[in-house]
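*Asks:* Output the structure for:
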Amino acid sequence: MADLYEIRRIYDIVDENADGMVSVDEMCGFINKLGIPMSEQDLRCMLRNNLQEDLPFGEFVEFYRSIFNHQIDGEKDESEDLLEAFRVFDQNKDGYISSNELQNVLSTMGLIPRGQDSQHCKKMMCRFDSDGNGVLDFCEFKNMMSSKLAP
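*Replies:* Sure thing, here's the model as predicted:
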């Protein structure tokens with residue numbers, strides 16, 4: 001079984017142009033290198049109804065699980081809940097959570113006052129933004145959600 005760090009490493013390898021996203025073309029090439037003959041059209045059908053854009057990390061994890069038919073080490077049903085939570089926070093569906101998206105969801109839930117300075121959310125995210133790109137991917141979000149957010 002693989003853990004999220006191994007899958008992230010695989011994701012980075014598949015991302016041949018190192019733009020931080022895996023294109024359908026890159027994914028198709030990777031699958032064919034594994035010896036699984038698959039056309040780009042077949043892959044698009046497997047990925048969210050003919051996906052046209054790039055594959056963010058969270059969706060790559062889902063795809064990886066479906067192809068290799070197993071769960072990630074240490075994950076149980078809560079991983080599905082966590083992925084659903086990630087999707088709620090990822091309002092623009094780009095595969096990342098920005099501080100504005102975090103602030104919007106938290107204020108909608110009543111966890112922070114509406115219009116509160118976004119610096120609070122930026123500071124909270126900074127603790128878990130391991131690659132320093134200013135947004136949280138699924139792995140970073142999972143780390144944030146599983147930690148104790150003590151001041």
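*Asks:* Angles on the backbone of the closest residue to L55 other than its chain neighbours, please.
*Replies:* Closest residue to L55 apart from its sequence neighbours, by Cβ to Cβ, 6 or more residues apart in numbering: V22 at 4.5 Å. To be clear about C-beta, it is placed using only N, CA and C from the backbone, and glycine gets the same treatment. For V22, the backbone dihedrals (degrees, to the nearest 10) come out as phi -100, psi 120.
*Asks:* in this structure, which helix or strand is least confident?
*Replies:* Sorting the helices and strands of the chain by mean pLDDT, DSSP states H and E puts helix 40-46 at the bottom, at a mean of 73.
*Asks:* Which elements pack onto that one?
*Replies:* Judged by 3 or more Cβ pairs under 8 Å, 6 or more residues apart in numbering; DSSP states H and E, the packing partners of helix 40-46 are helix 24-33.
*Asks:* What helices and strands are in contact with the helix it packs on?
*Replies:* helix 4-14, helix 40-46, helix 57-68.
*Asks:* quick one: contacts for the residue nearest in space to the middle of the chain?
*Replies:* The centre of the chain sits closest to G58, judged by Cα atoms, centre = their mean, with a distance of 2.7 Å. Residues near G58 by Cβ atoms under 8 Å, 6 or more residues apart in numbering: 83, 86-87, 90, 95, 137-138.
*Asks:* which parts of the least confident helix or strand of the chain are buried?
*Replies:* Buried residues in helix 40-46, counted by 16 or more other Cβ atoms under 10 Å: 43-44.
*Asks:* picking that back up, which residues sit in contact with the residue nearest to the residue nearest to the centre of the chain when sequence neighbours are not counted?
*Replies:* If the residues on either side of it in the chain are set aside, G58 comes closest to F138, at 3.6 Å by Cβ to Cβ, 6+ apart. The neighbours of F138, taking Cβ under 8 Å, 6+ apart as the test, are 56-58, 61, 83, 86, 95.
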